[in-house]
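> Show me the folded form of this:
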Amino acid sequence: MKSLQQLYAEGGESREFVEQFVNGPHSGRWSRAQDHWSRTVEHIAHNAKELESMHSDEAEHRAETLARTLAWTLARMHKCWACAL
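Prediction:
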């Protein structure tokens, strides 16, 4: 799984996602945002049935893609599912 710092370094859309995720629901707290990012990817990786039949590298990439979609959608509303737990 890529860290938020790695995604930020990629630039473009990845950087936009990180900025929104960190500065929106996490009020600029990188460590909390990183923890919630990791929890989001791990939750999807362990619970998405569609990933079960995939090779581990492919499943990890797909889990990260799904996590980014979920996290970015919520971050645009200044929300994070992990913050609500």
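> Model confidence for G11, exactly?
G11 is assigned a pLDDT of 97 by the prediction.
> And the one 10 residues further on, by the same measure?
Per-residue confidence for F21 comes out at a pLDDT of 97.
> gap between it and S56?
From F21 across to S56, the span is 25 Å (Cβ to Cβ, to the nearest Å). Every C-beta, even on glycine, is put in place using the N, C-alpha and C of the backbone.
> Who has more neighbours out of these two?
F21 (25 against 9; other Cβ atoms under 10 Å).
> State which helix of this structure is the longest.
helix 56-75 (DSSP state H).
> Give me the three-state assignment for whatever residue is furthest in space from the centre of the chain.
Relative to the centre of the chain, the most outlying C-alpha is that of S53, 21.8 Å out, by Cα atoms, centre = their mean. Using DSSP: H, G, I helix; E, B strand; the rest coil, the structure places S53 in coil.
> Please determine how far it is located from L66.
Here S53 is placed at a distance of 15 Å from L66 (Cβ to Cβ).
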